[in-house]
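S.K.: Got a predicted model here, sequence first, then my questions.
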Amino acid sequence: MEQFLTFGIVGLSTAAIYAVIGSGLVLTYVTTGVFNFAHGAAGMLAAFCYWQFTVGWGWPVPVALAVVLLVLAPGFGLAVERVLMRPVQHLGEAERLVMTVALLSGAIAGARWIWDPNVPRPLRVFFADREPFHIGPATVTWHQALTMTVAVAVAAGLWFLLNRTRTGTEMRATVDDRSLARLTGADPLRAGRVAWILGTQLAAVGGILIAPTVALDASQLSLLIVSAYTAAVFGRLRSLPLTFLGAVVVGCLESYLTGYLPQNDYLPGLRLAAPALLLFLALLLFRHPRLRGRDRRLVQVPAPPLRGTLVFAASTVAFAVVLATVLGEADLVTYGTIFPLGIVALSYIPLAGYAGQISLCQLSMAGIGAVVWGHLGSHGGLWALAAAIAVSAAAGALIAVPALRFSGVYLALGTAAFAVVLDRWIFTLPSFEVLGVRIALFDQGSVEMAAPNLFGLRLDSAAELTVLAAVFLGLASLGVAWLRRSGFGRRLIALRDSEAAYATLGGNLLVAKVLVFALSAGIAGLGGALWGMQQRSITAEQFNLIAGLPIFLVAVIGGLGAVGNGLFAGTAFVGPNILIGLASWTQNIISLLPALAGMGLGHSPEGIISRFRREWEPLGRDRIALPALLGALTLGWVLRLTDVINGWTLLLGSLVLAYALRGYASARQAPQAEPDVPVEWWGVRRPWRPQDGEVLARGTAGS
Amino acid sequence: MNALLELRDVRAAHDGITVLHGVDLSVAAGQVVALLGPNGAGKTTTLRLAAGIHPAQSGQLLLGGRDVTGVDARDLARAGVCLIPEGRGVFPNLSVRDNLQMMTFTGRTRAEIEEIAYTRFPVLASRASQTAGTLSGGEQQMLALARGLATDPAVLLLDELSMGLAPLIVTKLYEQVAEIARQGVAVLIVEQFAAAVLGIADHAAVLVRGRVELQGSPDGGLRDELSALYLGSSA
């Protein structure tokens, strides 16, 4: 009984922290409509700053607290609101979600840069020198008591703010209808600012309270928040009392699992994964009405021309051949990953681009594909690659079934929870048997990856594997382009535009969603298997949620509707490693890059690739510049192979030449490049010209 | 007559396409002006412009003789311009009580506002803690109109009050509007269906393709000319 009570107290004090963090999350959601994935990261940063001030620089605790909670946290919240959220306010839910994912990824990378993750950073609990007191048989430390008091105070304060003050009502009204809020004398900008300041402060309070009881680690702390998410989902992201109840359920569950879970090889991961599992269950069990929004803008998904895609696929392979012949074995281990990671990024196109389903677990699907190859492909048979695709596709179909109930931010949350369950539990399991079949995953260590055997030809070198991956990337890009042009692709886009309309037109939501999830998981699994082959041996950490976020971000920046995204995302994700060749300290900048680029999304929501295509199209159509460029590139390649020039000269030379020829080509096409204004827009989009009347008269005369 | 709200040669555009080509309109205190016209004539834009949500390209917006062109919607609202926008001017995720709380910006307390609203529309009292989005269309429109009552506006701008409502409810709502006007409020009503609103209007203006084509008292020959404009021949 005493043990039960003690675990109960521990659970309640953890619950109090989850409640504080979760209520901050609810606050920002109901007042800005943004589900802040980076909420935990804000708490993490606050905990690190607090450590820096108190332990690092020896400031007194009250001063450090005041600086963190009253200066840094509000400042951070304001900066997030001003720099990140305001530019995407008028865009869709997905773009806002991407911003917070970018912030999460960026905060983790930034914290690892500033605070070396290999140095332990202990934090003292509050009132550590006071004797714990007793309530009945249970012992309560002062830190626990403080935590619970803070939670109660936060609950009361927030309830009062939201329900009893005009500011609180204004904040909730703003997310409903911004222009109506202005008509009733409210200031939408102020409401947003207040929400971000308060939300960040609550995250900071939670972060500082929880940090002394766990290790101060950037990604661990950011993901501890999964428990707070679960609490918020219990409150359907709206109700504060239910959020507190959810926090108590999660906190006590974790605490009692620690105390009473039987000891064996299979279950320790379950305790770590419990909040994520509970999150998944809560998402499934409760209905989650979306906020009734009035602004939704969908990005167009252009149908790629088949010939263009064929050329693109061929150039992908050509690019790989150049890389494989020019780069040394050691460099290829790095840059060869452009192609398999590109395949993983490509898997977002049908799922997120066409069908509008945001999944954050694509890299986990890649992990499943890699593991299957590791165990079945030890002889290198290509059938094992098919098996890897099939098993990942099956896993994808498995997520699709519950995903029928979610959409938007809830789907992102559900898939993130799924990824966390895989990371913390399933991928850590030792091998086990189900119905006589031995199932092995990462076997609590690394898995050796064999080289594939192509009709008797063993592809063992990095160069061969790179070209193989590029061939598959080319084929997958072709497949995705063909999908967009097929009837199923059009149905997926209809589904994205309106699920209700899709269903009333006789479409089957279940079948469509299962198929598209399976398809994209299969593509990701293929990418994972090919990536693993290049790595020779893989571990579970390479496929976890946090590792997958940058790939997602880069894919979004490229434009989720563009088939060229596979090669783009792979190159953009791996390419910056070239900086390490110049200076090793750039490593941290490189890990920060995807996040920074993701934050720039507000400025080109349709993706970079479409802009890229517009800029380079003149060159592709030019009958002089294109052959000149191709000839020069071939020449450069031959010169490099014969060691006349080095790799840098080749790279820089090609870039300079390409840009110069692009300028030349667009200048040549400029004269006739006057935009083609449709007749009905004459005088509107361009000024009316005297000869226009003549043209119209001739046109209507039916000549 | 002294105009409380006045639009002088106002032009406005949507995405570069001019939709108002110089509109002149004025509404005096206590006057009900009906703004009629076919789809796409620019009626809603005119109202949004008068409330400050839509910018004017040129021309002037005057409130009580003062130039308020370009003033933010928020400040216009505080100065007494009340726009009930098209299609339920309520916050759908907020309760009725919270919606009423949003009307406190003119200095009245929530209790006073609740009393005014519940006296005029007793049905709202029984729905006080219900989410506004779940009210029936007529009830939502009553809640929206309550803002016109409770905030003591100088100018009331109504956009398609009748949209999607049963004729009986429309008649009731317009009685309330006439009552508001009798207290000295300048009322500008946009309507597609002329019959309902002409009963209470003192003056009517017909907007066609961004220009006021016709103005006059509804009792005069306006009705006939109006049907001519709508139907293309004199009916």
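M.R.: Alright, I've got the coordinates. Numbers count the residues shown, from 1 in each chain, chains lettered A, B, ... in the order given.
S.K.: which is the next helix or strand following whichever helix or strand residue B:20 is part of?
M.R.: Element membership for residue B:20, per DSSP states H and E: strand B:17-28. Scanning the chain past strand B:17-28 towards its C-terminal end, the next helix or strand to appear is strand B:32-36 (assignment: DSSP H and E).
S.K.: So what's the gap between the lengthiest helix in chain B and the chain middle?
M.R.: In terms of residue count, the longest helix belonging to chain B (DSSP state H) is helix B:167-182. Centroid separation for helix B:167-182 versus its chain: 12 Å, with CA atoms, centre = their mean, to the nearest Å.
S.K.: Residues in contact with that helix: which ones?
M.R.: For helix B:167-182, the surrounding residues in contact (CB atoms under 8 Å, 6 or more residues apart in numbering or on different chains) are B:30-32, B:120, B:138, B:141-142, B:145, B:148-149, B:156, B:158, B:161-162, B:165, B:187, B:189, B:196-197, B:199-200. In short, each C-beta sits where N, CA and C put it, glycine included.
S.K.: The closest residue in space to residue A:564 that isn't next to it in sequence is in what secondary structure piece?
M.R.: In space, and not counting its chain neighbours, residue A:564 is closest to residue A:609: 5.2 Å by CB to CB, 6 or more residues apart in numbering or on different chains. For residue A:609, the element it lies in under DSSP H and E is helix A:608-621.
S.K.: Give the rounded mean pLDDT of that helix.
M.R.: Taken as a whole, helix A:608-621 carries a mean pLDDT of 80.
S.K.: Tell me the helix or strand right after that helix.
M.R.: Using DSSP H and E, the next helix or strand after helix A:608-621 towards the C-terminus is helix A:625-641.
S.K.: List only buried entries from the contacts of helix B:167-182.
M.R.: B:30-32, B:120, B:138, B:141-142, B:145, B:148-149, B:156, B:158, B:161-162, B:165, B:187, B:189, B:196-197, B:200 (16 or more other CB atoms under 10 Å in any protein chain shown).
S.K.: Give me the subset of these that lies in strands.
M.R.: Using DSSP state E, the members of the buried ones among the contacts of helix B:167-182 that fall in strands are B:32, B:156, B:158, B:187, B:189.
S.K.: need the contact list for the residue in chain B positioned nearest to chain A.
M.R.: Distances between chain B and chain A by CB to the nearest CB are smallest at residue B:105, namely 3.2 Å. By CB under 8 Å, 6+ apart, residue B:105 lies in contact with A:166, A:184, A:185, A:186, B:77, B:78, B:151.
S.K.: The third one against residue B:73, yeah?
M.R.: I take that to be residue A:185. No. With the criterion set as CB atoms under 8 Å, residue A:185 and residue B:73 do not qualify as a contacting pair; they are 9.1 Å apart.
S.K.: Now residue A:34: closest residue in space that isn't a chain neighbour?
M.R.: residue A:96 (5.0 Å).
S.K.: The one you found sits in which helix or strand?
M.R.: Following DSSP H and E, one finds residue A:96 within helix A:93-114.
S.K.: strand partners of whichever helix or strand comes after that helix, parallel vs antiparallel please.
M.R.: Using DSSP H and E, the helix or strand that follows helix A:93-114 towards the C-terminus is strand A:133-135. Each strand that strand A:133-135 pairs with, and the sense of that pairing, follows from DSSP bridges: strand A:138-140 (antiparallel).
S.K.: Spell out which parts of chain A neighbour chain B.
M.R.: Taking CB under 8 Å from any CB of the partner chain as the criterion, chain A approaches chain B at residues A:166, A:169-170, A:172-173, A:175-177, A:179-187, A:291-292, A:684-685.
S.K.: Kindly tell me how buried the closest residue to residue A:632 other than its chain neighbours is, as a neighbour count.
M.R.: Nearest-residue entry for residue A:632: residue A:657, 5.5 Å, with adjacent residues in sequence omitted and distances by CB to CB, 6+ apart. Each residue near residue A:657 was counted by other CB atoms under 10 Å in any protein chain shown, and the total is 16.
S.K.: The residue nearest to residue A:142 when sequence neighbours are not counted and chain B: what is the separation?
M.R.: Leaving aside its sequence neighbours, residue A:142 sits nearest to residue A:127 (CB to CB, 6+ apart; 3.4 Å). The span separating residue A:127 from chain B equals 40 Å under the rule CB to the nearest CB, to the nearest Å.
S.K.: Give me the residue at the spatial middle of the chain.
M.R.: All of this refers to chain A. residue A:549 (3.5 Å; CA atoms, centre = their mean).
S.K.: meant chain B, my bad for not saying
M.R.: The geometric centre of chain B, computed from its C-alpha atoms, lies nearest to residue B:158 (CA atoms, centre = their mean), at 1.6 Å.
S.K.: Now do the contacts for that one.
M.R.: The contact partners of residue B:158, taken as CB under 8 Å, 6+ apart, are B:84, B:145, B:148, B:177, B:187, B:188, B:189, B:190.
S.K.: 10 Å instead, please
M.R.: B:32, B:34-35, B:47, B:82-86, B:89, B:141, B:144-145, B:148, B:173-174, B:177, B:180, B:187-191, B:197 (CB atoms under 10 Å, 6 or more residues apart in numbering or on different chains).
S.K.: for residue A:427, same thing?
M.R.: Under the criterion of CB under 10 Å, 6+ apart, the neighbours of residue A:427 are A:269, A:364, A:367-368, A:371, A:419, A:421, A:441-442, A:444, A:539-541, A:543-544.
S.K.: Inside helices: which ones of these?
M.R.: Assignment to helices by DSSP H places the following of those there: A:269, A:364, A:367, A:368, A:371, A:419, A:421.
S.K.: Surely residue B:7 is within a strand?
M.R.: Yes. Secondary structure assignment (DSSP: H, G, I helix; E, B strand; the rest coil) places residue B:7 inside a strand.
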